[in-house]
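*Asks:* what follows is a predicted structure for the sequence shown.
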Amino acid sequence: MTVDSCMPKTSSVVASLVSVIDKSERIKEAVETCAEDLTVINTVLKKEIGNQQKQPRMENALQQSESVASKVQECAGDLATMNEALEHEVKEREILEHQLIAVKKQEEASRHAAFHDPLTSLPNRVLFNDRLEHGLAQAGRHGWLLAVLFMDLNGFKAINDLHGHEVGDKVLKMVASRLKAMTRDDDTVSRHGGDEFLYLLMELRSRQDASTIAQKIIDAVGQSCEINKEEDCLRLNIDLSIGISLFPVDGITADELINRADRAMYIAKQNKTGFAFVGEQA
């Protein structure tokens with residue numbers, strides 16, 4: 001049984017137990033009131049019998065009434081004991097529920113850490129490759145055109161060397177945020193490592209679609225950004241180079257598409273064209 005399936009059931013049981021305790025407490029109070037009333041009545045009856053001649057039937061009724069009062073008091077005590085046990089059960093279940101919530105959060109954190117980059121929170125290589133494999137299966141089945149974009153920031157090493165790794169990390173997070181904002185529902189953007197990013201484009205109609213999206217990415221990421229460094233505010237201009245490989249014309253496996261997009265990215269960087277497709281020359 002998973003944590004997800006346990007939690008709603010536990011919450012429901014706790015709420016049900018709390019409702020039962022409330023009802024039981026009201027019953028206990030009513031029973032205690034009845035016991036007190038019977039005790040008062042029996043006291044009055046005893047005085048009346050004492051002031052009159054002995055009447056066997058009256059004495060018998062009094063004995064029966066006292067017996068009922070004793071049983072009612074006993075029931076009140078049993079209800080009190082049961083309520084204490086129920087309250088203890090509720091506390092135990094609340095503790096269990098908090099533990100289950102903590103476990104669920106830990107599982108979610110571990111799952112996220114396993115498939116996402118710790119700096120940018122983008123999917124990592126493992127998750128990207130999984131989605132690419134799934135995308136290739138769909139593209140092959142439906143005859144779709146699919147593209148892999150290999151992106152590398154230009155001059156990122158100089159930013160690290162000049163301003164330090166803290167500024168470099170902020171730049172990477174800013175770039176990741178801008179890339180993520182452009183991602184369509186079926187697409188995936190990931191941090192491949194260092195200052196490299198991968199972008200999976202699904203269901204393209206033509207090569208031109210990939211060109212259009214690549215240029216939009218360059219324009220969006222290339223907008224100037226302000227990075228805080230201690231008390232200073234740095235204004236940086238970021239640009240990137242993109243290599244594009246297409247399925248099925250440039251490869252039919254994940255490794256082929258990624259490697260060929262990587263080589264195309266170096267062509268774009270050498271030619272300073274922004275982006276380049278597989279097969280273009282330096």
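*Replies:* Perfect, I can see it now.
*Asks:* contacts for the helix or strand containing I218, please.
*Replies:* Element membership of I218, judged by DSSP states H and E, is helix 207-221. Contact with helix 207-221 is made by 145, 147, 149, 151, 175, 178-179, 181-182, 199, 201, 204, 238-240, 242, 244, 246, 274-275, 277, as judged by Cβ atoms under 8 Å, 6 or more residues apart in numbering. To be clear about C-beta, it is placed using only N, CA and C from the backbone, and glycine gets the same treatment.
*Asks:* tell me which residues of it come out buried.
*Replies:* Within helix 207-221, the residues that count as buried by 16 or more other Cβ atoms under 10 Å are 210-211, 213-214, 217-218, 221.
*Asks:* would you mind measuring from the residue nearest in space to the middle of the chain to L119?
*Replies:* Nearest to the mean C-alpha position of the chain, counting by Cα atoms, centre = their mean, stands E108 at 5.9 Å. The gap separating E108 from L119 is 19 Å, by Cβ to Cβ, to the nearest Å.
*Asks:* do A220 as well
*Replies:* From A220 to L119 the distance is 20 Å (Cβ to Cβ).
*Asks:* low-confidence ranges in the stretch 1-150 of the chain?
*Replies:* 1-21, 24, 28, 30-32, 34-38, 40-42, 44-59, 61-66, 69 (pLDDT under 70).
*Asks:* can you do 90?
*Replies:* Applying pLDDT under 90 to the stretch 1-150 of the chain picks out residues 1-114.
*Asks:* show me where the stretch 101-250 of the chain has its helices.
*Replies:* Taking DSSP state H, counting those that start in this stretch as the test, the helices found in the stretch 101-250 of the chain are 125-142, 156-163, 165-182, 207-221.
*Asks:* do you know which of those helices lies nearest A113?
*Replies:* helix 125-142 (11.1 Å; Cβ to Cβ).
*Asks:* helices or strands next to the closest one in the packing?
*Replies:* Judged by 3 or more Cβ pairs under 8 Å, 6 or more residues apart in numbering; DSSP states H and E, helix 125-142 is in contact with helix 56-115, strand 145-154, strand 188-193, strand 196-204, helix 254-271.
*Asks:* buried residues in that helix, which are they?
*Replies:* Result for helix 125-142 [16+ other Cβ under 10 Å]: buried residues 127-129, 131-132, 135-136, 139.
*Asks:* how about the nearest residue to S206, chain neighbours excluded?
*Replies:* L145 (7.0 Å; Cβ to Cβ, 6 or more residues apart in numbering).
*Asks:* mind listing what Q281 touches?
*Replies:* I267.
*Asks:* still on that earlier bit, next, the angle strand 188-193 makes with the helix holding I218.
*Replies:* Between helix 207-221 and strand 188-193, the angle formed by their directions is 60 degrees, by axes from the mean of the first three to the mean of the last three Cα atoms, to 10 degrees.
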